[in-house]
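J.: Next input, structure requested:
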Amino acid sequence: MSGIILLIVVLAVVFDYSNGFHDTANAIATTVSTRALSPRRAVVLAGALNFIGALVFTGVAKTIGGNIADPFTLQHGMVIVLAALIAAIVWNLLTWYFGIPSSSSHALIGGLSGAVVGAAGFRALHWMGFLSIIEALVLSPIAAILVGYILMTLLKWGFGSTSPHKANRVFRTLQIFSAAFQAFSHGTNDAQKTMGIITFALVAGGFQSELEVPLWVKVLSAFAMAAGTASGGWRIIKTVGSKIIKLEPINGFASDLTSATVILTATLCKQPVSTTHVISSAIMGTGAAKRFRQVNWGMAIRIVIAWLITIPATGALAALLARILIL
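T.: Got it, this is the predicted structure:
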């Protein structure tokens, strides 16, 4: 049993690390694209703020650990977590390789729910908790598009008479702070998912009797996320930062502020969201407010398709893995 929990912790750290480099783009793509910061400085900033953000909250971890299934009564709980992590890691690596800004959050939630079904059947799912998570995942990008559009419209009105050179200088400076806020909010939500999955395994394996996140799990998850972020995800940075729309500093600032606010709001509500979805949607919203026709809606549709297939794909893979591991 101790060997299995050790393997789960290792795979969870690998997932967290892959989540970090996969989602580095979420925090710094706009800043690098507009040249507000050099790639090296942007990555260091994102890594440090991700680490700090990861240590602040635990509400999302408890949602992941207890709202999809009950780790206290679930049979084959350790196998379920193992299958979920393998499926999520495989999906993360595939989408990273092809430069598709897919969602690590969707991958993990799809993997965990699919593994539960594969090992214990549909009755083992907590449908109310599962659907509330799906609701947050769906509503958050919609909110990001709307808030981004409104914020960008207000900025256009407020700075419409300002010379482009002066506006760029002002918003490049502001982008440093908005990128830091974005990186912090990313840490508050994404790292908690790994904390939740490890805690789920600890409870299922009988290593602890409460759904509380141990300090060592917090530190380990925060460090893995920060290390992955610091390693960079340049393929996805290129997609998010330039292929949706050509960004200017004012767009970048509006996108960062929008996405960071939406993510932090979700964290305070103890709901996991996809930082990839939120930042991409914020860019679409701010881009549409400035120049609707210049948004690369073809790339946007490609990203949405990746979003839609992630949970079914990882769920099916995890269900298959769970069945194989139980045999």
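
J.: where are the low-confidence patches of the stretch 1-150 of the chain?
T.: Residue ranges of the stretch 1-150 of the chain with pLDDT under 70: 1, 22-30, 33-34, 99-101.

J.: Could you pull out the strands in it for me?
T.: Shown for the stretch 1-150 of the chain, no strands are assigned by DSSP state E, counting those that start in this stretch.

J.: distance of the nearest residue to L11 once chain neighbours are set aside from S113?
T.: Leaving aside its chain neighbours, L11 sits nearest to L85 (4.2 Å; criterion: C-beta to C-beta, 6 or more residues apart in numbering). In this view, the C-beta of every residue, glycine as well, is placed from N, C-alpha and C. As judged by C-beta to C-beta, to the nearest Å, L85 and S113 stand 13 Å apart.

J.: With I68 instead?
T.: 6 Å.

J.: got it, and V170?
T.: V170 sits 45 Å away from S113, going by C-beta to C-beta.

J.: ditto for L154
T.: For L154, the distance to S113 equals 39 Å [C-beta to C-beta].

J.: Neighbour count for these two, which is higher?
T.: Legend: neighbour count by other C-beta atoms under 10 Å for L154 and S113, higher for S113 (26 against 12).

J.: and the gap between that one and G53?
T.: In terms of C-beta to C-beta, S113 sits 26 Å off from G53.

J.: can you check F98 too?
T.: 28 Å.

J.: who's more crowded, those two?
T.: Neighbour count, other C-beta under 10 Å: between F98 and G53, G53 has more, with 28 against 12.

J.: Quick one: the helices in the stretch 151-300 of the chain, in order.
T.: For the stretch 151-300 of the chain, applying DSSP state H, counting those that start in this stretch gives helices covering 164-204, 215-231, 234-238, 249-268, 275-291, 297-326.

J.: Give me the buried positions along the fifth one.
T.: Judged by neighbour count using 16 or more other C-beta atoms under 10 Å, the buried positions of helix 275-291 are 275-290.

J.: The residue nearest to L220 when sequence neighbours are not counted and F207, how far apart?
T.: If the residues on either side of it in the chain are set aside, L220 comes closest to V13, at 6.4 Å by C-beta to C-beta, 6+ apart. Distance of V13 to F207, computed by C-beta to C-beta: 17 Å.

J.: Name the residue in those two with the higher neighbour count.
T.: V13 (20 against 14).

J.: Quick one: residues contacting that one.
T.: For V13, the contacting residues are 194, 220-221, 224, by C-beta atoms under 8 Å, 6 or more residues apart in numbering.
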